[in-house]
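Enquirer: okay, here's the prediction I keep looking at, along with the sequence it came from:
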Amino acid sequence: MNKERTFFEIIKRFTDPLWKNTIITLQSILFYSVWALWPLVHVYFAQAIVSTIENKNEQDFFNYIIFYSIFLFFFYGIWFLTRFWWANNNITAFRMTVHNLYLKKFIKLSNTQTEKIGTSKLISIIWTWIDTWAMLLNKTIENFMKVFFAVIFTVYMIAIVNIWAALVFFILYFLIHFIWWYFNKNSLVHRRKRQNVWNTYTWSLVKIIMSKFEILQTWKINIEIKKINKIEGKLLIYTMKMATPTHWFYYTPSIFINIIKILMFLFLWYQVILWNATISLFVAMFWILTLMNQVIINSMIFFSELTKDFTKIEKLWDFFDETEDIKWYDDWKDFEYKNWNIKLENINFWYSEKNQIFKDFSLNIKGWKISALVGNSGSWKSTLVKLISGYIKPDSWNIIIDDQKLDKIKLKSFYKNIWYLTQEPSVFDGSILENLMYGISENVGSAGLQTLHKNSRDVWQKHLNQAIKKAKCEFIYDLEDWINTEIWEKWIRLSWGQRQRLAIAKIFLKDPKIIILDEPTSALDSFSEEQITKSLNNLFKWRTVIIIAHRLQTVKNANEIFVLENWKIKEKWNHNELVEKNWIYKKMLDLQSGF
């Protein structure tokens, strides 16, 4: 349920990046102040030049023309030098501030909850909505400075004619903003619903794009189009509900400014006839009211866009406010390594109220041994190792590692000696060296080999070559730039097997005390699998190892094999003993070749 926030809470939270970047904020205010004064200076020169014409003062006329030309020259020079650089620099600074804050928060959010949301939605929340926030901050400063100077200048010009008329204009200006707020509030309810439908529309398009090959084989494009058309129908319903308040929202300011303009013209005409006002003042008032009309319209459009985009920012806040942190990541005492015995007692875990995964589940894993988890796809083996690694949190639990409860130790210290290789090996956009060194200590991983002392560099180069050889990653040597080759989207694409071997090389480099492998050789051919299995067996000495595998070749040398079926342990022995039992494991074995 979304948290109700007061107006001042929203303003404080929205403008927080401005206070964290005071220098950038002041630069933005200065720049947009100059930009806001630009049209007002035009009005000033227009009035002055018309006044010289009215008084037939040739010398002052040409002096103002010269000053006006100099002003244009310097302004355009400043505009070309700063407009794009300054604005983009400010947006980037605000975006970095929000990213620095929320990415750190995201890393510490409960994985149990984030996994339920899905990758595409998380990308939308963290990237799209943070980017929207940064853009709105910049636009808010720009719009505020334009409106501020335009209103002050307009009030000043009207006050020259009549102080009471200026006061009336000032009051009416704020009255029109109240009317804007009222009509926009009525349309905002439907706009938020429309935004949710629009997100569904976007995800439906993503589904078609990502499932192109499957749709091509089954030709279900018509079904997908019908779904999108149905969503379009909902969009139309909410759009029509928004129409009436939105139209009043747009037309009211224009009606207001034109009424003021007509009244001002009548008043000025009367003043000119009485010789209490000049033609130059008349011209200046015409310009300033026309400018004010444009400023109000632009302000109205900005306000409309702000309220529309603000729903995205509020969803970002809702997501982070409603998602729990991993409370024991930095809290509690440091983990003390002993022998890596792992015990699970009476674990209960639900992904949802109707989807219970484990109930009163218990398991003992011996330290310094190789334990394997095998079974059908519905036995939740991957979920189990995520629980053991502390990646997700059970609903009720007692996970004990080296006689220390997992929820009573600092996860950050626990992760220093653990490595969890998931089914999808992590390979990111960068060089092969950056990928390999990512799991190493921060000073080495971030600095790279070239910046290290010669002796340290030689040692790490030796470790690196050994890891590459043990993980059967010799394909690296065939690449043009060797370990400095850029991979993934920029230069080359690795095959799934190459990615998996590269991920295994990271384990050799980090040298952890506990290793969790989820299908480590699933993408390898039989020959590579056999070679890497031998290398892994060398790495596994004096460590606690947990392996999940469907291909039993990988686990036949395990000290203990747990056969799971529907989250329950059905069998528990080593390979030879399980074969003799001739039960579930033996049936799985018979269905696979190579034994």
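Expert: Ah, there it is. Numbers count the residues shown, from 1 in each chain.

Enquirer: C-alpha from now on. contacts and neighbour counts both.
Expert: OK.

Enquirer: by mean pLDDT, point me to the weakest helix or strand of the protein.
Expert: When the helices and strands of the chain are scored by mean pLDDT, DSSP states H and E, helix 442-447 comes last with a mean of 50.

Enquirer: which elements pack onto the following helix or strand past it?
Expert: For helix 442-447, the following helix or strand on the C-terminal side (DSSP states H and E) is helix 454-470. In this structure, helix 454-470 packs against helix 496-510, with contacts taken as 3 or more Cα pairs under 8 Å, 6 or more residues apart in numbering; DSSP states H and E.

Enquirer: and the helix it packs on, what's buried?
Expert: By neighbour count on 16 or more other Cα atoms under 10 Å, the buried set for helix 496-510 is 497-510.

Enquirer: what ranges do the strands span in the chain?
Expert: In the chain, the strands defined using DSSP state E lie at 342-352, 355-365, 370-375, 399-401, 404-405, 418-421, 430-431, 486-487, 514-518, 544-548, 560-565, 568-573.

Enquirer: spit out the contact partners of F508.
Expert: For F508, the contacting residues are 467, 470-471, 539, taking Cα atoms under 8 Å, 6 or more residues apart in numbering as the criterion.

Enquirer: I'd like those residues laid out as JSON lines, including neighbour count.
Expert: Formatted as JSON lines, the contacts of F508 follow (neighbours: other Cα atoms under 10 Å):
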{"residue": "A467", "neighbour count": "22"}
{"residue": "K470", "neighbour count": "22"}
{"residue": "A471", "neighbour count": "26"}
{"residue": "L539", "neighbour count": "17"}
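
Enquirer: which one of those residues is nearest F361?
Expert: Distance from F361 was checked for each of the contacts of F508 by Cα to Cα. The minimum falls on L539, at 29.8 Å.

Enquirer: excluding its backbone neighbours, what's nearest the closest one?
Expert: What sits nearest to L539 in space, not counting adjacent residues and going by Cα to Cα, 6 or more residues apart in numbering, is F508, at 7.1 Å.

Enquirer: G375 reaches E565, doesn't it?
Expert: Yes - using Cα atoms under 8 Å as the test, G375 is close enough to E565 to be in contact (5.9 Å).

Enquirer: look at the two and report which has more neighbours.
Expert: G375 (24 against 18; other Cα atoms under 10 Å).

Enquirer: got a list of what that one touches?
Expert: By Cα under 8 Å, 6+ apart, the contact list for G375 reads 381, 550, 563-565.

Enquirer: how about 6 Å then?
Expert: Contact criterion Cα atoms under 6 Å, 6 or more residues apart in numbering gives 563-565 as the residues in contact with G375.

Enquirer: and if you look at A372?
Expert: Residues 546-548, 561-562 are the ones in contact with A372 under the rule Cα under 6 Å, 6+ apart.

Enquirer: let me know the closest of those residues to K408.
Expert: Nearest to K408, judged by Cα to Cα, of the contacts of A372 is I546 at 22.3 Å.

Enquirer: can you give me the neighbour number for the closest one?
Expert: Residues contacting I546 under the criterion other Cα under 10 Å number 25.

Enquirer: tell me the confidence at it?
Expert: On the pLDDT scale, I546 is placed at 93.

Enquirer: how much space separates it from W164?
Expert: For I546, the distance to W164 under the criterion Cα to Cα, to the nearest Å works out to 82 Å.

Enquirer: check P512 too.
Expert: Remark: distance between P512 and W164 (Cα to Cα) = 79 Å.

Enquirer: repeat that for Q423.
Expert: The separation that Q423 has from W164, given Cα to Cα, amounts to 75 Å.

Enquirer: comparing those two, which shows the higher neighbour count?
Expert: It is Q423, of Q423 and W164, that has more neighbours when counted by other Cα under 10 Å, with 16 against 11.

Enquirer: the more buried one and D518 touch, don't they?
Expert: Yes - because the distance of 5.3 Å satisfies Cα atoms under 6 Å, Q423 is recorded as touching D518.

Enquirer: can you pull out the helices in the stretch 101-250 of the chain?
Expert: Secondary structure of the stretch 101-250 of the chain by DSSP state H, counting those that start in this stretch: the helices cover 111-117, 119-123, 129-161, 163-210, 212-218, 221-273.

Enquirer: now do the third one: which elements does it pack against?
Expert: Using 3 or more Cα pairs under 6 Å, 6 or more residues apart in numbering; DSSP states H and E as the contact criterion, the elements in contact with helix 129-161 are helix 22-54, helix 58-107, helix 163-210.

Enquirer: and the first one, what's buried?
Expert: Along helix 22-54, the positions that meet the burial threshold by neighbour count (16+ other Cα under 10 Å) are 24-25, 28-29, 31-37, 40, 42-43, 45-52.

Enquirer: I'd like the mean pLDDT over that helix, please.
Expert: Confidence over helix 22-54, taken as the mean pLDDT, stands at 79.
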